[in-house]
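Have a look at this prediction, sequence included:
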Amino acid sequence: MEIKKLFPEIEEIGNEELKNKVIKALEKAINIGGWNEEDLHLIPFTLLIPELIGKNSIPKISIIKHIRAVTQMCIATYERYEMLGIGDKLNKDELIAGGLLHDVGKFIEYERDKTGKIIQTKDGKYIRHPAMGLELVYEFDLPLIVRQAIVFHSKEGDKIPRLTEVEIIHRCDFLCFAPVKQIFENK
Ligand SMILES: [Fe+2]
């Protein structure tokens with residue numbers, strides 16, 4: 001499976017070592033989850049919007065598309081910060097890596113039941129993807145920003161001071177959730 005083709009935003013990471021770690025982490029999660037390339041597009045980005053699942057169990061927004069959209073929003077935010085003259089206050093590579101990996105745990109939080117439906121695993125229900133993701137990437141010794149993006153991008157991080165890059169990832173992730181939920185529920 002060509003991870004760079006699935007997530008072209010990886011090429012925006014300048015640091016080769018970090019880029020390779022991101023590829024390896026995504027590859028590991030997808031392999032442990034037991035997904036093939038075709039399956040990946042059948043995983044909804046959330047199970048909290050039932051309307052997201054269309055006919056033939058094909059989600060209207062897959063986890064792949066969600067991760068790419070969040071990462072692209074992070075890149076766009078970085079560019080706006082550059083326009084404001086504060087781009088240099090952000091670690092661009094780690095912001096992008098964090099965007100790409102924030103939901104890495106979802107590949108193991110979800111599984112397919114016998115009917116082909118995507119459901120949450122038992123670990124997923126009781127540990128959730130942020131902690132599962134952090135556990136999964138332990139061996140790669142990722143920078144603090146990227147590790148915090150994985151474990152505290154979601155509600156788990158609401159009582160923790162988020163690093164600036166993680167604050168951006170958290171908000172981009174939410175932009176790809178709350179209004180989307182509204183759009184699908186209002187239909
Ligand atoms: Fe997300």
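In hand now; what should we look at? Just so you know, these numbers come straight off a predicted model, no measurement behind them. Residues are numbered from 1 along each chain as shown.

any idea how far the closest residue to residue 37 other than its chain neighbours is from residue 47?
Nearest-residue entry for residue 37: residue 1, 5.4 Å, with adjacent residues in sequence omitted and distances by Cβ to Cβ, 6 or more residues apart in numbering. All C-beta atoms are positioned from the backbone trio N, CA, C, and that covers glycine. Plainly put, residue 1 is 24 Å away from residue 47 if you go by Cβ to Cβ, to the nearest Å.

do the same with residue 184
With distances defined as Cβ to Cβ, the gap from residue 184 to residue 47 amounts to 13 Å.

Three-state assignment for the residue of the chain most remote from its centre, please.
Computed with Cα atoms, centre = their mean, the maximum C-alpha offset from the centroid of the chain is found at residue 85, amounting to 27.7 Å. Secondary structure assignment for residue 85 (DSSP: H, G, I helix; E, B strand; the rest coil): coil.

Check it and give its pLDDT.
What the model reports as pLDDT for residue 85 is 98.

Kindly provide the distance from it to residue 119.
Here the criterion is Cβ to Cβ. By it, residue 85 lies 47 Å from residue 119.

Which residue ranges of the chain form strands?
Counting by DSSP state E, residue ranges of the strands within the chain are 110-112, 118-120.

about what we covered before: list the contacts for the residue nearest to residue 37?
For residue 1, the contacting residues are 27, 30, 36, 37, by Cβ atoms under 8 Å, 6 or more residues apart in numbering.

If we only consider these, which is nearest to the ion?
When those are compared for distance to the ion (Cβ to the ion), residue 30 comes out closest, at 15.8 Å.

I'd say that closest one and residue 105 touch.
No: Residue 30 lies out of contact with residue 105 (Cβ atoms under 8 Å); the separation is 11.8 Å.

between those two, who's got more neighbours?
More neighbours surround residue 105 than the other of residue 30 and residue 105, with 27 against 22 (other Cβ atoms under 10 Å).
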